[in-house]
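In: sequence below, structure please.
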Amino acid sequence: MQGNLSAWLVKHALIHRSLGFDYQGIETLQIKPGDWHSIAVILYVYGCNYLRSQCAYDVAPGGLLASVYHLTRIEYGVDQPEEVCIKVFAPRKDPRIPSVFWVWKSVDFQERESYDMLGISYDNHPRLKRILMPESWIGWPLRKDYIAPNFYEIQDAH
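Out: Sure, this is the predicted structure:
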């Protein structure tokens, strides 16, 4: 089943895959990493002027990594804004997705967190570095195949 935005993208010959609707009726689309930046600019021009959130998750052990963007089209005088969820999947071996920082500045810390926890590199992000873990940390803690290092807390013997 196709939603309004998916029909608009088809009308303008923009490649995507409709994943249906979530439990709240929000349309979910899949975009290829190579097409993501240009489609993000087009979505901004379409009216998706607010990036509500960005997150990422590990689809399955040894499988793909996903970066998820929740966009909202806010217009003056509209009580119920149009929302869309965009999923961009990247291979685990070299997960690279174009950053949309230059489209929606609010994605700054969110893409950094996704990099820090899952190792997804966001190309052209101005400050892509760890934000939660120490710079010396090895690995990506939220990947399903992550093996936590053995830490022993040093306590005073007082």
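
In: now do the strands in this structure.
Out: 17-21, 27-30, 50-58, 65-73, 82-90, 96-98, 121-123 (DSSP state E).

In: would you turn these into JSON lines with distance to Ile39, mean pLDDT and mean neighbour count?
Out: Backbone N, C-alpha and C define where each C-beta goes, glycine included. Listed next are those as JSON lines, based on distance: least, CB to CB, whole Å; pLDDT from 0 to 100; neighbours: other CB atoms under 10 Å:
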{"stretch": "strand 17-21", "distance to Ile39": "12", "mean pLDDT": "91", "mean neighbour count": "13"}
{"stretch": "strand 27-30", "distance to Ile39": "9", "mean pLDDT": "95", "mean neighbour count": "19"}
{"stretch": "strand 50-58", "distance to Ile39": "14", "mean pLDDT": "97", "mean neighbour count": "18"}
{"stretch": "strand 65-73", "distance to Ile39": "11", "mean pLDDT": "96", "mean neighbour count": "21"}
{"stretch": "strand 82-90", "distance to Ile39": "8", "mean pLDDT": "96", "mean neighbour count": "20"}
{"stretch": "strand 96-98", "distance to Ile39": "10", "mean pLDDT": "97", "mean neighbour count": "19"}
{"stretch": "strand 121-123", "distance to Ile39": "15", "mean pLDDT": "97", "mean neighbour count": "17"}
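
In: so which of those strands comes closest to Ser114?
Out: The minimum distance between Ser114 and those falls on strand 50-58, with 3.7 Å, by CB to CB.

In: quick one: contacts of stretch 28-44?
Out: 5-6, 9, 12, 14-22, 69, 71, 84-90, 96-100, 103-104 (CB atoms under 8 Å, 6 or more residues apart in numbering).
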